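> Next come a sequence and a model predicted from it.
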Amino acid sequence: MNQEQRIMQWIDGHREEILSFLQQLIRIPSVNPWFFDEPAPSKEKDLQEFLLRKLSGLGASTELWEPVADDLKPYEGMAGYYPGRDFTGRPNLAATFEPDAKGKSLLLFGHIDVVMAGSKWTVDPFEGKIADGKMYGRGTVDMKGGVAAMIMAIEAVVRSGFKPKGPVVVGTVVDEEAGGMGALDFIHHGYRTDACILTEPTSLTIAPLCRGILWGKIKVQGRSGHIEMPQADWKDGGAVDAIKKARYLLGRLDRLNEEWAVRKTHPYLSIPCQVHVAQLNAGEYPTSFANEAEIVFNAQYLPSERDEKLVGGNVKKELTDFLAAAAKEDPWLSEHPPEIEWLVDADCAETDASHPFVQTCVRSLKAIGEEGKIEGLGFHTDMGWPVNVGIPTVNFGPGDPSLAHHSDEFTPVDEVIQAVKMIAKTIVDWCGVEEA
């Protein structure tokens, strides 16, 4: 029996242990404190300490530390930096197997924070119930399923009697769900490898690309007036309906999206970048024209569009210029121009699909009986900072990403097992293994 067969046999023989480990992660509700109106103790530390004990027990050298926002000030204006953010009780964790080995190194990377459970669950969101081949729970998809898979993959190698010929670093970080400062801090801390698997959910496809995401709020000014009464021309002090002006801008956004649908595409993305309107807020009374309106939007951008700080400044300018041009064509808006308030800029990244590491991952996936499909992710992941410092990175993990943050979030348990096998196979093929 060769090395790979021994490792795969171990995984098949420890299926229940693998799923039990994921359940243990689900049962520690490591909800990012950003989701609470009032300060609440985070369980992120509890989860990281649980993982530290697990990884130390497998023989890894471990480091647990709390990010310090002031230490990251040199990254101001770049992805993941938020001044003054408090990480007390919210540590990052790194565990390194065979740190002095001379072979190619690999980072297995993931975040352990989750969004709050929310409402309308039909099962306990923090139990990890298994039914009909699916495990339910907050984080089964995003992304404790992937974290469990990557840790159990290195355990499969170690428990099968092998050690990697190159360093394998397991990195688990906090704060991805609120901007990615944990990943920035991990890279700032100095961890570097020859390649990285970020175990975000991909439904077991290889995703060497994620899109950037901009959240913004367009503020449209009007002038209040009695909605049931005749109004003078706005130049003479009459009312101006901010909702009507917002509708005009929405029409212009529709035209912009038609252009983007042709121009902002990528061969590994199934849908083009668009400016999606997510919220409309306007009006004060049923008897008054709206004094102001807000259009809250989500706009996506491609890695090729990043600015000099590796974020979405170029697309911000494009949208600001678009808004100014649209306003000039409307007499009221030309004198009362709408403004954009930027809320979030979540970065993006891409690794060339022809890179040897990407192709290694594809071969590993095919070797366990999967298609080995390559496709991009339409949403942000933490892959930006590894790529920014020269680490070729792919996203790969169990679970359908469209189910992330849903009530009754679930991952097929067979996908978790397949993810363990693929990652273990990649350790064998990329790093190499030898008898311990």
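The structure has been received and is ready for your questions.
> which residue is nearest the middle of this protein?
The centroid of the chain falls nearest to residue 381 when counting by CA atoms, centre = their mean (2.9 Å).
> can I assume that residue is in contact with residue 208?
No. Residue 381 lies out of contact with residue 208 (CB atoms under 8 Å); the separation is 11.1 Å. Placement of C-beta: from N, CA and C, glycine included.
> shared neighbours, those two?
residue 395 (CB atoms under 8 Å, 6 or more residues apart in numbering).
> So, low pLDDT: which residues of this structure?
39-40 (pLDDT under 70).
> Need the single longest helix in it, by residues.
helix 242-263 (DSSP state H).
> Now do the helix or strand following that helix: which elements does it pack against?
The helix or strand immediately downstream of helix 242-263 is strand 275-282, counting by DSSP states H and E. Helices and strands touching strand 275-282, as assessed by 3 or more CB pairs under 8 Å, 6 or more residues apart in numbering; DSSP states H and E, comprise helix 242-263, strand 292-301.
> Any idea how far strand 275-282 is from the middle of the chain?
Centroid displacement of strand 275-282 relative to its chain, using CA atoms, centre = their mean, to the nearest Å, is 22 Å.
> circling back: looking at the helices and strands packed on strand 275-282, which is nearest to residue 11?
Across these, residue 11 has its closest neighbour in strand 292-301 (36.4 Å, CB to CB).
> From the contact counts, what lies against that closest one?
Looks like strand 292-301 contacts strand 212-221, helix 242-263, strand 275-282, helix 313-328 (3+ CB pairs under 8 Å, 6+ apart).
> Which residues are in contact with residue 305?
Residue 305 neighbours (CB under 8 Å, 6+ apart): 212, 264, 312, 314, 315.
> One more: residue 368?
Residues near residue 368 by CB under 8 Å, 6+ apart: 8, 418, 421, 422, 425.
> Who wins on neighbours among those residues?
For the contacts of residue 368, neighbours were counted using other CB atoms under 10 Å, and residue 422 has the most, 26 neighbours in all.
> Okay, buried residues for the helix or strand where that residue lies please.
For residue 422, the host element (DSSP H and E) is helix 413-426. Neighbour-count burial for helix 413-426, counted by 16 or more other CB atoms under 10 Å, picks out 413, 415-426.
> Other residues contacting it?
So helix 413-426 is contacted by 4, 7-8, 11, 15, 18-19, 22, 106, 108, 130, 133-135, 145-146, 148-150, 152-154, 156-157, 197, 199, 203-204, 360-361, 364-365, 367-370, 396-399 (CB under 8 Å, 6+ apart).
> Buried residues in the helix or strand immediately after that helix in the chain, which are they?
Downstream of helix 413-426, the first helix or strand assigned by DSSP H and E is strand 433-435. Neighbour-count burial for strand 433-435, counted by 16+ other CB under 10 Å, picks out residue 433.
> Just list what strand 433-435 packs against, helices and strands only.
strand 162-164.
> again, only using 10 Å
Packing partners of strand 433-435 (3 or more CB pairs under 10 Å, 6 or more residues apart in numbering; DSSP states H and E): helix 3-13, strand 162-164.
> in the longest one, what's buried?
The neighbour-count check on helix 3-13 (16+ other CB under 10 Å) flags 3, 4, 6, 7, 8, 10, 11 as buried.
> Not counting sequence-adjacent ones, nearest residue to the fifth one?
To tie it back to what came earlier, the one meant is residue 8. residue 421 (6.1 Å; CB to CB, 6 or more residues apart in numbering).
> With the fourth one instead?
Excluding its sequence neighbours, the residue lying closest to residue 7 (CB to CB, 6+ apart) is residue 160, at 4.7 Å.
> and that neighbour, how many neighbours does it have?
20.
> Identify the residues contacting it.
3-11, 424, 433, 435-436 (CB atoms under 10 Å, 6 or more residues apart in numbering).
> how does it look with 8 Å?
Per CB under 8 Å, 6+ apart, neighbours of residue 160: 3, 6, 7, 9, 10.
> Any figure for the gap between it and residue 99?
20 Å (CB to CB, to the nearest Å).
> Next: residue 422.
Taken as CB to CB, the span from residue 422 to residue 99 is 24 Å.
> In the chain, what residue spans correspond to helices?
3-13, 15-26, 44-57, 144-159, 181-188, 242-263, 313-328, 331-335, 356-367, 384-388, 413-426.
> Next, format those as TSV and append distance to residue 221.
Listed next are the helices of the chain as TSV, based on distance: least, CB to CB, whole Å:
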stretch	distance to residue 221
helix 3-13	61
helix 15-26	47
helix 44-57	42
helix 144-159	45
helix 181-188	34
helix 242-263	6
helix 313-328	10
helix 331-335	8
helix 356-367	49
helix 384-388	36
helix 413-426	50
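> Please identify the most buried of those.
helix 144-159 (a mean of 27; mean count of other CB atoms under 10 Å).
> Now do that helix and helix 413-426, the angle between them.
Helix 144-159 and helix 413-426 are oriented at 50 degrees to each other (axes from the mean of the first three to the mean of the last three CA atoms, to 10 degrees).
> helices or strands up against helix 144-159?
By 3+ CB pairs under 8 Å, 6+ apart, helix 144-159 packs against helix 3-13, helix 15-26, helix 44-57, strand 106-111, strand 162-164, strand 168-173, helix 413-426.
> Go again with 6 Å.
For helix 144-159, the elements it packs on are helix 3-13, helix 15-26, strand 106-111, helix 413-426, judged by 3 or more CB pairs under 6 Å, 6 or more residues apart in numbering; DSSP states H and E.
> That helix: how far from the chain's middle?
20 Å.
> quick one, it and helix 3-13 angle?
120 degrees.
> Can you give the contact residues for helix 144-159?
7, 10-11, 18, 21-22, 25, 58, 108, 110, 168, 199, 397-399, 411, 416, 419-420, 423-424, 427, 433 (CB atoms under 6 Å, 6 or more residues apart in numbering).
> Pop out the phi and psi values for the closest residue to residue 362 other than its chain neighbours.
In this structure, residue 362 finds its nearest non-sequential neighbour in residue 372, 4.5 Å apart by CB to CB, 6+ apart. Per-residue torsions, residue 372: phi 80, psi 40 (degrees, to the nearest 10).
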